[in-house]
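# Got a sequence here, can you model it:
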Amino acid sequence: MVGAEIAVGYMFAWLVRKARRVGDRADAHIDAALDAGVDRAGEKLHQLVAGRLSGDAALERLTTEAQQLPEAPSERTAQRVALALEAAAEDDPDFGAAVEDLVRQLQEADRAAGSSVASARGVVVNGDVKVRAKDNAFAAGVVTGNVNIGNPPAPGKGQ
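Reported below is the predicted structural model:
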């Protein structure tokens, strides 16, 4: 299933937002309009996945981790939920298509809001990102192979 890890990131973000709002209702009024689209699609995604993976230990762990309000789920939990999602999508292509559709809706809502999603493997940012690196440093990028930041200065040559 394309996007299982992204779906996990969105589910986790929705669970964290829900946990934060339970603790502090004042913030809900401030950003309600901005979060409305993301919350609706996030809740639908959570309900869809929770209905399909009901009783799954990895999904229960994801919920528990979200209640602790970390930046992202643990890598192991994210992987386990992603694998469970992928298996469920293989068994039921309609379920997989519904998850992918909700992920697309969330991505569109995030693009409109200019927000981002964090996961155990990195951060997905919707919108413009400007990153600058100096002195032969690697600043950011999608790495699918080797990274080459150039040749270091020759010994004895100033930097």
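# which residue packs closest to Gln105, ignoring adjacent ones?
Leaving aside its sequence neighbours, Gln105 sits nearest to Ala41 (Cβ to Cβ, 6 or more residues apart in numbering; 4.3 Å). C-betas here are computed from N, CA, C, even on glycine.
# How about Gly96?
The spatially closest residue to Gly96, leaving aside those adjacent along the chain, is Ala89, at 2.9 Å (Cβ to Cβ, 6+ apart).
# tell me the contacts of that neighbour?
By Cβ atoms under 8 Å, 6 or more residues apart in numbering, the contact list for Ala89 reads 1, 4, 95-96, 99.
# Val99 too?
If you count contacts by Cβ under 8 Å, 6+ apart, Val99 has them with 1, 3-4, 7, 45, 48-49, 85, 89.
# mind checking which helix or strand it is in?
Using DSSP states H and E, Val99 maps to helix 93-113.
# That helix: which residues count as buried?
95-96, 98-100, 102-103, 105-107, 109-110, 113 (16 or more other Cβ atoms under 10 Å).
# Kindly reformat those as TSV containing distance to Leu15.
Listed next are the buried residues of helix 93-113 as TSV, based on distance: Cβ to Cβ, whole Å:
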residue	distance to Leu15
Phe95	20
Gly96	21
Ala98	19
Val99	16
Glu100	20
Leu102	15
Val103	15
Gln105	17
Leu106	13
Gln107	18
Ala109	17
Asp110	16
Ala113	18
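# and the least confident of the residues you listed?
Minimum pLDDT for these is recorded at Ala113 (63).
# Please tell me how far Leu15 sits from Gln67.
Computed as Cβ to Cβ, to the nearest Å, the Leu15 to Gln67 distance reads 7 Å.
# Compare those two (neighbour count), which wins?
Leu15 (20 against 15; other Cβ atoms under 10 Å).
# okay, now Arg76: neighbour count?
Neighbourhood size, Arg76 [other Cβ under 10 Å]: 11.
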